[in-house]
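Engineer: Just to be clear, the model below is a prediction. Sequence and coordinates:
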Amino acid sequence: MLFRTLSFLLMLVLLGGCVSNPSKDKAAEAIIPQDDLPVVLTDDYFNPLGLPRPELQPQMPEETDLWKLLTQDYRLRQIQHPSIDREVKLFQARGDSLTRQLRKGEPYLYYILQEVKRRDMPAEIALLPGVESGFRPTAYSRHGAAGLWQFMPATGRYFGLKQDWWYDARRDPVASTNAALNYLQKLNKRFNGDWLLAIAAYNAGGGTVARAIRKNLEKDQPVDFWSLDLPSETREYVPRLLALARIIDDPDRYGLALPPIDNDPRFVKVEIGEQIDLKVAAKLAGMKPEELLQLNAGFNRWATHPEGPHYLLLPADKASTFSQKLAALPEDQRMRWSRYRIRPGDNLGRIARKHGVTVKALMQANHLKNHRIRAGAHLLIPLSTGTTAIAAFNAIPGAQRKLRYRVRKGDSLYAIARQFGVKIADLKKWNRLASDRLRPGQKLTVVRTM
């Protein structure tokens with residue numbers, strides 16, 4: 001017995017030598033009797049002291065309902081206030097319209113929630129576009145805010161959102177979400193980790209909230225959100241978000257239905273390398289142009305920006321096929337062009353207006369360093385052969401478009417409202433009209449839902 005034990009120990013030593021020095025493998029095989037190798041290595045063999053082994057926890061299946069996944073990371077659930085109760089009742093009064101609004105978030109909510117979770121922010125933040133824009137990347141406000149997160153032009157530029165003739169990143173679901181979360185994290189840090197103050201500042205501006213705090217400090221009064229003297233819109237804005245979160249947490253309690261949304265990505269970001277006609281891209285992806293624009297609402301024209309961003313958001317199930325077809329597409333077929341012969345007296349401005357493009361777009365397309373052109377030469381005019389991006393943008397259900405209307409002699413608010421299918425009260429609100437009086441030549445903003 002002792003001999004077999006010593007033999008077995010010798011075997012282990014030699015095996016260790018085999019691992020550290022592979023050149024001795026054959027020698028080791030010759031020395032070790034094969035019938036002395038253990039046939040089965042039991043748990044006791046690896047655990048000779050018999051210590052208790054930790055129990056393996058069964059792996060929980062991944063949550064398939066996006067709403068349930070969202071509510072798991074709520075952090076503001078415990079907040080109670082009569083203003084929240086009031087907003088809940090307003091949501092209840094809307095009935096099915098709230099369900100329709102939440103359904104508009106289906107293409108974007110997965111991405112937004114993943115980004116919120118990645119940054120370790122309260123999951124309620126993912127619902128903010130529901131309050132801001134009704135989850136419509138095409139939404140515009142009468143003040144000029146745009147996109148899911150309703151960025152004003154200056155604020156958007158401050159957070160790196162490109163805005164020009166070709167592209168408005170405020171309407172890009174990915175770019176605007178990242179900018180909005182950066183902004184909210186910055187505000188949260190500014191207000192010492194108070195998320196209600198950060199959300200209020202997102203609506204009213206950090207300076208407005210800071211002044212309200214200083215005012216209360218001077219009076220030795222509390223400086224929590226509910227105690228501050230803030231604009232009425234902001235006092236409703238924060239409890240509205242909390243009310244929406246509360247309803248989603250327990251929709252049956254409030255008699256409201258949530259549209260089913262699976263916990264799966266709706267789109268992926270696909271690099272395209274350089275500018276491409278959106279109609280060409282839609283064909284490669286097997287989509288209608290307006291379907292492509294719903295995910296890529298940031299593009300203003302018939303093509304992506306010549307200087308970038310050089311990516312498209314595509315449905316997850318279409319990305320691979322699109323990439324393969326794009327790789328096989330000849331370079332000269334990425335864009336559609338028309339050829340224009342310059343006539344005597346032409347200039348870039350006149351040509352641009354005639355073809356519905358900008359001078360800058362003409363210069364970029366033709367690699368012009370200045371405005372000099374000569375009669376008889378040719379210019380390439382970037383044109384799509386079908387639906388332009390603007391037309392597709394306006395065709396998206398629920399998209400909003402701002403129009404400018406010049407008042408004519410004999411016009412009235414009633415006649416204009418009837419012409420555009422809007423309410424007189426909305427006309428007055430959009431244009432800050434204190435009365436019904438109009439004057440010829442006056443310009444009015446009209447917001448239409450397409």
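Structural biologist: Everything's here; your move. The structure displayed is predicted, hence computed values, not measured ones. Numbering: from 1, shown residues only.
Engineer: Could you verify that residue 415 is part of a helix?
Structural biologist: Yes: Residue 415 forms part of a helix when assessed by DSSP: H, G, I helix; E, B strand; the rest coil.
Engineer: Burial check on it, number of neighbours?
Structural biologist: Using other C-beta atoms under 10 Å, residue 415 has 12 other residues around it. Just so you know, the C-beta spots here come from the backbone N, C-alpha and C atoms, and that holds for glycine as well.
Engineer: Check it and give its pLDDT.
Structural biologist: Per-residue confidence (pLDDT) for residue 415: 76.
Engineer: Same question for residue 267.
Structural biologist: If you check residue 267, the pLDDT there is 96.
Engineer: can you check the one 3 residues further on too?
Structural biologist: Reading off the per-residue confidence, residue 270 sits at a pLDDT of 97.
Engineer: try residue 38
Structural biologist: What the model reports as pLDDT for residue 38 is 41.
Engineer: And residue 331, by the same measure?
Structural biologist: 86.
Engineer: For stretch 74-89, buried residues please.
Structural biologist: Across stretch 74-89, burial judged by 16 or more other C-beta atoms under 10 Å covers 76, 79, 83, 84, 87, 88.
Engineer: any idea how far the last one lies from residue 244?
Structural biologist: Residue 88 sits at a distance of 9 Å from residue 244 (criterion: C-beta to C-beta, to the nearest Å).
Engineer: do the same with residue 122
Structural biologist: 13 Å.
Engineer: More neighbours: which of the two?
Structural biologist: Between residue 122 and residue 244, counted using other C-beta under 10 Å, the more crowded position is residue 244 (22 against 19).
Engineer: Spatially, and excluding backbone neighbours, which residue is closest to the more buried one.
Structural biologist: residue 127 (5.3 Å; C-beta to C-beta, 6 or more residues apart in numbering).
Engineer: burial of that neighbour, as a residue count?
Structural biologist: Neighbours of residue 127 using other C-beta under 10 Å come to 25.
Engineer: SS state for it?
Structural biologist: The three-state label given to residue 127 by three-state DSSP is helix.
Engineer: OK, contacts around it?
Structural biologist: By C-beta atoms under 8 Å, 6 or more residues apart in numbering, the contact list for residue 127 reads 70, 241, 244, 245, 248.
Engineer: Let's see which of those end up in helices.
Structural biologist: Within these, residues falling in helices by DSSP state H are 70, 241, 244, 245, 248.
Engineer: Let's verify the residue nearest to residue 129 when sequence neighbours are not counted: helix, strand, or coil?
Structural biologist: In space, and not counting its chain neighbours, residue 129 is closest to residue 148: 4.2 Å by C-beta to C-beta, 6+ apart. The three-state label for residue 148, taken from three-state DSSP, comes out as coil.
Engineer: is it true that residue 148 touches residue 132?
Structural biologist: Yes: between residue 148 and residue 132 a contact is recorded at 6.9 Å, counting by C-beta atoms under 8 Å.
Engineer: Settle it for me: which of these two has more neighbours?
Structural biologist: The residue with more neighbours, out of residue 148 and residue 132, is residue 148; 28 against 22, by other C-beta under 10 Å.
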